[in-house]
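*Asks:* pasting the sequence and the predicted model now:
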Amino acid sequence: MNHVLRNLVVVAVLTMMSCATLKESTVDDSEAAASVRSVKELYEKVGLLHEQVRDLVSHVYCPNDNVRKFVQSCPRNVGMECSKDAIEDVLKVMGSFDHVMLYYRQGQAADDLLPLRRERVKRLVNDHKWTVNTQLLVVSLPMNDRSFAEAQRLGAEVHKFLRQVVLPQARPDVQPPKLLGPYDIGCSSRQEILRRYERIFGDKPFPGEPPASEKRTVVWAFLVDC
C-alpha cells in the first residue's frame, strides 16, 4: 500500500513539475513573440525615419524640382523622365551641381586624362559634401548620331574609373555611390548644352584636349543628392 501511495505521490509531483514547465514555456514563447513584434516595429520606425531624412536631404541639396524628379524617377523608368529629350532638358539646368566634364577623341580610354583634368576629377570627389543620398550620374554626348556605341563605352568606363580608381584613392572613407546611368543623349541640343557648360570655370577643354573643331565625345560626371 505504501509502495502504491509513494508511486502516486511521485506521479503527482512529476505532473505538477510538467505543468509548471509547460506554463513557463508558454510564458517564454509569449515574451519571445512580443520581442519579435517590438523589433519589427522598431525596424519600421527606423525605416520611416530614414526615408524622412532622405527626403529632407533631397529638398535641401537638390532644390530643382525637375532634377529631383528625374533622379528619383528615371532609375525606375517611371513616365518619360528617361527619354533623351528629358535628359537633355535636365542637363541644361544642372550646371550648378557638382560635376566634371571630360573630353575624348575616338578610341581614347576613359582614364587617359591630362593632369589638369585628372585633378578636376579628384576635386569633384574631395570637395563634394557626401550625404545618404549621394549618387553618381554619368551622361555622355556622342560625336554624332552614328557614334552612340562609343559614347556608351566611354560612359561605362568613366563610371568604372571613378568607382574603382578615383574614389578608393581620394575618399576611402565613403561608400561608393549608386550609379545613375550611364545615359547618352542626342545631338539636337548639343551646341546649346555645351555653350551653357563652357561658361563654367574648368568645363572648357584644356589645351591638349579635343576642341569643338574636332570630333569628340563629351562625358559629364555629376555627384547628386536628390
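*Replies:* The structure has been received and is ready for your questions. Source: prediction; values computed, not measured.
*Asks:* can you tell me the centre-most residue of this protein?
*Replies:* residue 178 (2.4 Å; CA atoms, centre = their mean).
*Asks:* contact partners for that one?
*Replies:* 135, 136 (CB atoms under 8 Å, 6 or more residues apart in numbering). For every residue, glycine as well, the C-beta is placed using N, CA and C.
*Asks:* distance check, it against residue 202.
*Replies:* Note on residue 178: its distance to residue 202, by CB to CB, to the nearest Å, is 25 Å.
*Asks:* same check on residue 191?
*Replies:* The gap separating residue 191 from residue 202 is 20 Å, by CB to CB.
*Asks:* higher neighbour count, those two?
*Replies:* Higher neighbour count among residue 191 and residue 202: residue 202, with 15 against 10, using other CB atoms under 10 Å.
*Asks:* now do the contacts for the more buried one.
*Replies:* The neighbourhood of residue 202, defined by CB under 8 Å, 6+ apart, consists of 100, 101, 120.
*Asks:* quick one: which of those residues has the most company?
*Replies:* residue 100 (23 neighbours).
*Asks:* quick check, that residue in contact with residue 118.
*Replies:* No - shown here, residue 100 and residue 118 do not form a contact pair, counting by CB atoms under 8 Å, at 9.8 Å.
*Asks:* show me the protein divided up by domain.
*Replies:* Taking automatic domain parsing as the criterion, the chain consists of the domains 1-61, 63-224.
*Asks:* deepest-packed of these, please.
*Replies:* With neighbours taken as mean count of other CB atoms under 10 Å, the domains of the chain reach their highest mean count in domain 63-224, at a mean of 17.
*Asks:* ranges for the helices of the protein?
*Replies:* 2-61, 65-73, 84-92, 115-127, 148-161, 167-170, 190-198 (DSSP state H).
*Asks:* show residues contacting the second one.
*Replies:* Same thing as helix 65-73. Against helix 65-73 from outside (CB under 8 Å, 6+ apart): 58-59, 62, 79, 81-82, 86-87, 89-90, 93-94, 97, 135, 137, 180, 224, 226.
*Asks:* dump that helix to CSV, restricted to CA.
*Replies:* C-alpha atoms of helix 65-73 as CSV (Å, rounded to 0.1, in the frame of the first residue of the first chain):
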residue,chain,number,x,y,z
ASP,A,65,12.1,70.0,-58.8
ASN,A,66,12.8,68.8,-62.4
VAL,A,67,16.2,67.5,-61.5
ARG,A,68,14.9,65.8,-58.3
LYS,A,69,12.0,64.2,-60.3
PHE,A,70,14.5,63.0,-62.9
VAL,A,71,16.9,61.5,-60.4
GLN,A,72,14.2,59.8,-58.4
SER,A,73,12.1,58.5,-61.3
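*Asks:* mean pLDDT for the domains of the chain: which is lowest?
*Replies:* Ranked by mean pLDDT, these bottom out at domain 1-61, with a mean of 58.
*Asks:* picking that back up, closest to residue 146 out of the contacts of residue 202?
*Replies:* Nearest to residue 146 out of these is residue 101 (CB to CB; 22.3 Å).
*Asks:* what's the nearest residue to that closest one if we skip its chain neighbours?
*Replies:* Spatially, and ignoring its direct neighbours in sequence, residue 101 is nearest to residue 203 (4.7 Å; CB to CB, 6 or more residues apart in numbering).
*Asks:* brilliant, that's me finished.
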